[in-house]
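>>> Build me a model:
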Amino acid sequence: MKRVVVIGGGWAGCAAAISAKKAGADVTILERTDMLLGLGNVGGIMRNNGRFTATEENILLGGRELFELTDKYSRHKNIDFPGHKHASLYDVTLIESVVRKKILDMDIKIFFNSRVVDVKMENKKIRAVILENQNELEGDSFIETTGSTGPMGNCLKYGNGCSMCILRCPSFGGRVSITKKCGIEDIIGQRKDGTYGAFSGSIKLNKESLSKEIREKLNKEGIAIIPLPKEEINEGKLDIKVCQQYALDEFAKNIVLLDTGHAKLMTPFYPLEKLRKIKGFENVKFEDPYSAGIGNSIRYLSIAPRDNNMKVIGVDNLFVAGEKSGFFVGHTEASTTKMQYIGKFRRGV
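So this is what the prediction gives:
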């Protein structure tokens, strides 16, 4: 039985692990934190726009497991908000535990607090990965799904400062580029002004800290749009966002909230003192990240050169999935990249 080691337990890592397991491999996930799904724990949006079709295609192609879970645990379905149609909003407070159960039920091994810091190479193949505690894990094929953000120094250098985001670098150590450890030069994304990376994610607000009117609207409709005073409108902030489907005037002129279990504020950051001047937000608190008034995680700093089979160019047994494999922006795209592995492992690669 082929031994497949998946480095990173986000949406892409979980999807790749499931695909490899269904193809007959012995699969291990190495996750540096104490939770699966990574940024999926602050995401919550599925099936919006063309991703509805992509979801259905993935299910029909055999990649149903994770999409069925996000469907089952959606708080709201068929939601429209600026730039988005027929979206589903899954519950970020529940999704990690149910995905973890699914992975374990499939007899996929998960090792948490397992940060990969280096590799052992033989010719053009990885023989083993080296963990922070210096333990080694051998495998036949390796899949890197570490993403393209972090470590903390990058958020300081390219962002507004460490935001203590879901990646939690101070607690678990920064992300390590496995392709870089293999001697492969990573591709780095740039913003409009030429600086590296882009701001990721959104802010989670504590729903109970919002006004009763806003809470009721979120619970009932899944969305609340609150117009901003003219002096608070800043269209320049749209240029720094990773997901350009949010670079619309509506996101500069309004506060857009989504109910994903918390109140998801669709902006990279928002100064707390300004937010509390708006009606309904007088007592608002950030749920995650706590420094959401300053900045958020920085993405697009580590993309691997790879072929159309998701194999890293220059390493014979290293594959990539999720944002590590390209400038992807969502959970659907991250999960879709894993479909490439089914045929590869069945052919004994």
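>>> And the chain, split by domain according to the record?
3-191+298-346, 198-288 (automatic domain parsing).
>>> JSON lines please, covering the ones you listed and showing mean neighbour count and mean pLDDT.
All C-beta atoms are positioned from the backbone trio N, CA, C, and that covers glycine. Shown next, in JSON lines, are the domains of the chain (neighbours: other Cβ atoms under 10 Å; pLDDT from 0 to 100):
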{"stretch": "domain 3-191+298-346", "mean neighbour count": "20", "mean pLDDT": "92"}
{"stretch": "domain 198-288", "mean neighbour count": "18", "mean pLDDT": "85"}
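>>> Next one: Asp140 from Ala304, what distance?
Distance check for Asp140 against Ala304: by Cβ to Cβ, to the nearest Å, it reads 19 Å.
>>> what's the nearest residue to the residue nearest in space to the middle of the chain if we skip its chain neighbours?
The structure's the chain has its C-alpha centroid closest to Leu39; by Cα atoms, centre = their mean the separation is 3.6 Å. Residue nearest to Leu39 in three dimensions, not counting chain neighbours: Ile166, with 5.7 Å by Cβ to Cβ, 6 or more residues apart in numbering.
>>> Stretch 118-128: end-to-end distance?
With Cα to Cα, to the nearest Å as the measure, the ends of stretch 118-128 fall 9 Å from one another.
>>> What lies in contact with it?
Stretch 118-128 is contacted by residues 129-130, 136-139, 142, 176, 178, 181-182, 314-318 when judged by Cβ atoms under 8 Å, 6 or more residues apart in numbering.
>>> Out of these, which sit inside strands?
Judged by DSSP state E, strands contain the following of the contacts of stretch 118-128: 129-130, 136-138, 142, 318.
>>> For the stretch 101-250 of the chain, just list every one of the helices.
Secondary structure of the stretch 101-250 of the chain by DSSP state H, counting those that start in this stretch: the helices cover 152-158, 169-172, 178-181, 212-221, 249-253.
>>> Give me the helices and strands touching the longest one, please.
Put plainly, it is helix 212-221. Helix 212-221 makes packing contacts with strand 223-227, strand 254-259 when contacts are defined by 3 or more Cβ pairs under 8 Å, 6 or more residues apart in numbering; DSSP states H and E.
>>> Sheet partners, orientation included, of the last one?
Here strand 254-259 has these sheet partners by DSSP bridges: strand 223-227 (antiparallel), strand 263-265 (antiparallel).
>>> how much does the first one deviate in direction from helix 212-221?
It stands for strand 223-227. The directions of strand 223-227 and helix 212-221 differ by 140 degrees, with axes from the mean of the first three to the mean of the last three Cα atoms, to 10 degrees as the criterion.
>>> ok, back up a step: in contact with the residue nearest to the centre of the chain, which residues?
Contacts of Leu39 were listed using Cβ under 8 Å, 6+ apart, and they are 10, 147, 166-167, 200-201, 297.
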